[in-house]
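Visitor: Below is the sequence, then the predicted model.
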There are 4 protein chains.
Amino acid sequence: MTFSYNSVAGRSVERIQALSDGIFGVGMTLLVLDLRTPALEAVHGERSLLAALASALPQLVMYLMSFMTLGIFWVGQQTQLGHLERSDRHLTWINLAFLFAVTLMPFSTKLLAEFYPFRAALLVYWLNIVALGGTLYGSWGYSVRHGLLRPGTPPGVAAAVCGRIRTAQALYAAGALLCAVDTRLSIACIVLVQLNYVLAPSFSSLRRAPRPEQKSQPPPQ
Amino acid sequence: MTFSYNSVAGRSVERIQALSDGIFGVGMTLLVLDLRTPALEAVHGERSLLAALASALPQLVMYLMSFMTLGIFWVGQQTQLGHLERSDRHLTWINLAFLFAVTLMPFSTKLLAEFYPFRAALLVYWLNIVALGGTLYGSWGYSVRHGLLRPGTPPGVAAAVCGRIRTAQALYAAGALLCAVDTRLSIACIVLVQLNYVLAPSFSSLRRAPRPEQKSQPPPQ
Amino acid sequence: MTFSYNSVAGRSVERIQALSDGIFGVGMTLLVLDLRTPALEAVHGERSLLAALASALPQLVMYLMSFMTLGIFWVGQQTQLGHLERSDRHLTWINLAFLFAVTLMPFSTKLLAEFYPFRAALLVYWLNIVALGGTLYGSWGYSVRHGLLRPGTPPGVAAAVCGRIRTAQALYAAGALLCAVDTRLSIACIVLVQLNYVLAPSFSSLRRAPRPEQKSQPPPQ
Amino acid sequence: MTFSYNSVAGRSVERIQALSDGIFGVGMTLLVLDLRTPALEAVHGERSLLAALASALPQLVMYLMSFMTLGIFWVGQQTQLGHLERSDRHLTWINLAFLFAVTLMPFSTKLLAEFYPFRAALLVYWLNIVALGGTLYGSWGYSVRHGLLRPGTPPGVAAAVCGRIRTAQALYAAGALLCAVDTRLSIACIVLVQLNYVLAPSFSSLRRAPRPEQKSQPPPQ
């Protein structure tokens, strides 16, 4: 009896989750290494220390922005993987491509923060977001087409996840296009889209407190 | 049938735990990179090597202090998450905010160690502790209000966790206020509070050896 | 009653998986630290920024190659561990040897990228791949011989995994031998072998869409 | 009804395992950052590249030694934790102290490799091993005394784990004492002890192939 290697490889969703948590964890703490304490000899009193700290604020904001972006895509991937019954080798590689884009995010964010008046920096940042969204979209599409979702998953979930990614990518693309006017307008627009995905659900949840979806079957993982 | 994306996103407590362990793990080993071995050319004998190692002691103590602080908040978050039945998207983001504060802790500790006579450094360190405590408090409050706790959780647990955070934050704030007198007094006070949270339970456990709480239902995770 | 320490040590497959995910996660994000943003003073306009980014492309390709190699061996180890019922102390150490080779991969890839015309660099890279393949092969052979596989594992799996590693290593060795002609030929050949293991299964799956192996018992982990 | 915070904190063995895997994973890959590829301008041909690589060999050996030491203590801690039914707050802090010693190991190994003729370097290295062994011993002793072991654990296990640590520490101490004669003798002795713990079980297992301990109850984790 012969047996295809590819039919037994990459079956574990849990391993993808664990590797993802490792890569996101390292990526989220990596940029903090660039936050350097002020040079001892440059600080002569409370006032100059405060000034030195204030001059590091843009770096902190850039780090927060990178953390937020990684957070958005971490939640996005978590939601997808939580609905999978199992994985296969191809899905594993699509997710590895996604994780590759994740590891590039700190670089792109830093590039944008340092060269924000340049369209090339904005283009790189936007391409990174497209790569993240594209691989996530591909991962979900593949899972749906090849029957990897948990049996009990309501059919609406598949469409909701796809719609979410499409909407977000359209907003990001619109923001990126604004760089024809001014790159700072683009950045502001992209940051607003990101903040919307972090904060908006909290606002909307205030309006409809006893949420009906708590009755839906929760994914075990 | 339409389906809200937010109702299916961020449901997994395990993923928050795994990401947290990754971020804490990296954060706890990050500062060790600053512990450099003495320069080869500066060491001429046993005596000068010992002197070089002794001069690195303050850095080691600073690293130990940072490790301890991260340990305290790791235990705190673990205790919370261990009582949760499930998560939702908002709780996930509150925990991501907590993890962001975690990644800043090595920077704050280093800043304080290098600029301990300055109130600005102490203020930054204290603000970081407030951010850690505040997000943990918010995470717990949200979980209790939205019924995310395990069904069997004794009602006293919720109050005990809240009280713990409030007491600790009050003690930290009192310690920070002492910087009006002297920042070193503040630091000593904060370190004592931290040591109390690491060691004190061991002392008290010596007094009441066969602990009654072993009868309470242990959380599976 | 005496008890051998070695008979109770290293029994957990899950711990090997978790440590592996941590090491692979760090290794996969480590090389990104070498991707530096262009120096601010060297960039005078869109054109010079694009030129600076283009000059960093070889580094990005090298990083992608290293990521891909680690991905291939991560999938390979995952497939093995997913079929194990339990581990023992020896298997744990074989896997630690494998992980040691994993941590060296970024170094070998970087060496090859910087010194690609040199046979010594190619030799080091190839030795690293041999070490990865050899430890994986040893790990699987040990597991099969000592009955550590899950009871329900079809007998064909063992042969498929062994055959896979042997074929891959033969292809890598053939590629390495080509350095007698030209090292660039060797590198091209090795990269093609790697791309084959990443992409080829996707092509073949297009031909036989409803795959029969979905009926086989999926490993729980 | 009041509730003690300390009675509900730090109950999860799995979280200690996950944090440990994260810290060990980072620690095991950290030292590889010191393995630098040779400077491009210093290499003029195959011969000089080989010479440059050969001169990096001591660093590789040092890294292997550090990896091996961490591996030994990772297996040791894994064995302990695999026998625990649950944890409590004190055990969590004992393990955090152990993990602190783990994060210092790369520093100690590097110090010893660079200053091997100096007794002070050997002393630091040995103190680190004592700290690792001491916290592991304390962790196990605490677990046994406070009834944290799984109900089905054979009584011989507790003694085997303790005996193992005591024997190893006695051998390490004897090796360290040899520095009165020559530090290189000490290092050779310590490395032999470590190699013994990595390899020896493999030799002994060749003698008694169908091992009887496979009948003993395997720990689920």
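Guide: Done, it's in.
Visitor: Is the spatially most central residue of chain A within a helix or a strand, and which one?
Guide: For chain A, residue A:73 is the residue whose C-alpha lies nearest the centre (CA atoms, centre = their mean; 2.3 Å). Taking DSSP states H and E as the definition, residue A:73 sits inside helix A:57-82.
Visitor: From the contact counts, what lies against the next helix or strand after that helix?
Guide: Using DSSP H and E, the next helix or strand after helix A:57-82 towards the C-terminus is helix A:89-114. In terms of contacts (3 or more CB pairs under 8 Å, 6 or more residues apart in numbering or on different chains; DSSP states H and E), helix A:89-114 is packed against helix A:13-30, helix A:57-82, helix A:119-145, helix C:13-30, helix C:57-82, helix C:183-207. (Glycine included, C-beta is placed from N, CA and C.)
Visitor: Would you mind measuring from residue A:84 to residue A:102?
Guide: Using CB to CB, to the nearest Å, we find residue A:84 at a distance of 18 Å from residue A:102.
Visitor: With neighbour numbers in mind, choose between these two.
Guide: Per other CB atoms under 10 Å in any protein chain shown, whichever of residue A:84 and residue A:102 has more neighbours is residue A:102, with 27 against 20.
Visitor: re the thing from before, quick one, the helix holding residue A:73 and helix A:89-114 angle?
Guide: With axes from the mean of the first three to the mean of the last three CA atoms, to 10 degrees applied, the angle from helix A:57-82 to helix A:89-114 works out at 170 degrees.
Visitor: quick one: is helix A:57-82 near chain C?
Guide: No: residues of helix A:57-82 contacting chain C under CB under 8 Å from any CB of the partner chain: none, with a closest distance of 11.3 Å.
Visitor: Excluding chain neighbours, what is closest to the residue nearest to the centre of chain A?
Guide: Using CB to CB, 6 or more residues apart in numbering or on different chains and skipping the chain neighbours, the partner closest in space to residue A:73 is residue A:132 (5.1 Å).
Visitor: and the one you found, what is it in contact with?
Guide: By CB atoms under 8 Å, 6 or more residues apart in numbering or on different chains, the contact list for residue A:132 reads A:73, A:98, A:101, A:102, A:105.
Visitor: what do you get if the cut-off is 10 Å, keeping everything else the same?
Guide: Contact analysis of residue A:132 by CB atoms under 10 Å, 6 or more residues apart in numbering or on different chains lists A:69-70, A:72-73, A:76-77, A:97-102, A:104-105, A:165, A:168-169, A:172.
Visitor: Please apply the same query to residue A:45.
Guide: Taking CB under 10 Å, 6+ apart, we find residue A:45 in contact with A:51, B:117, B:118, B:120.
Visitor: count of residues packed around residue A:33?
Guide: 13.
Visitor: ditto for residue A:144
Guide: Residues lying near residue A:144 (other CB under 10 Å) number 18.
Visitor: cool, residue A:114 as well?
Guide: Residues lying near residue A:114 (other CB under 10 Å) number 17.
Visitor: same question, residue A:120
Guide: The burial count for residue A:120: 21, using other CB under 10 Å.
Visitor: what sits against it?
Guide: Shown in contact with residue A:120 (CB under 10 Å, 6+ apart): A:111, A:183, C:43, C:45-54.
Visitor: Quick check: the two most widely separated of those residues?
Guide: A:183 and C:54 (19.6 Å; CB to CB).
Visitor: quick one on the thing from earlier: which strands or helices does the helix holding residue A:73 pack on?
Guide: Judged by 3 or more CB pairs under 10 Å, 6 or more residues apart in numbering or on different chains; DSSP states H and E, the packing partners of helix A:57-82 are helix A:13-30, helix A:89-114, helix A:119-145, helix A:155-177, helix A:183-207, helix B:13-30, helix B:89-114.
Visitor: out of those helices, which comes closest to residue C:187?
Guide: Among the helices and strands packed on helix A:57-82, the nearest to residue C:187 by CB to CB is helix A:89-114 (20.2 Å).
Visitor: In CSV: the contacts of residue A:120, plus secondary structure and distance to residue A:193.
Guide: Listed next are these as CSV, based on DSSP: H, G, I helix; E, B strand; the rest coil; distance: CB to CB, whole Å:
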residue, secondary structure, distance to residue A:193
A:111, helix, 19
A:183, helix, 16
C:43, coil, 27
C:45, coil, 28
C:46, helix, 24
C:47, helix, 29
C:48, helix, 30
C:49, helix, 24
C:50, helix, 25
C:51, helix, 30
C:52, helix, 28
C:53, helix, 24
C:54, helix, 29
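Visitor: Out of the residues you listed, which end up buried?
Guide: A:111, A:183, C:43, C:49, C:50, C:52, C:53 (16 or more other CB atoms under 10 Å in any protein chain shown).
Visitor: who touches the residue in chain A that chain B sits nearest to in this structure?
Guide: Minimum separation of chain A from chain B (CB to the nearest CB) falls at residue A:25, amounting to 2.5 Å. When contacts are counted by CB under 10 Å, 6+ apart, residue A:25 touches A:70, A:74, B:18-27, B:99, B:103, C:22, C:25-26, C:29, D:22, D:26.
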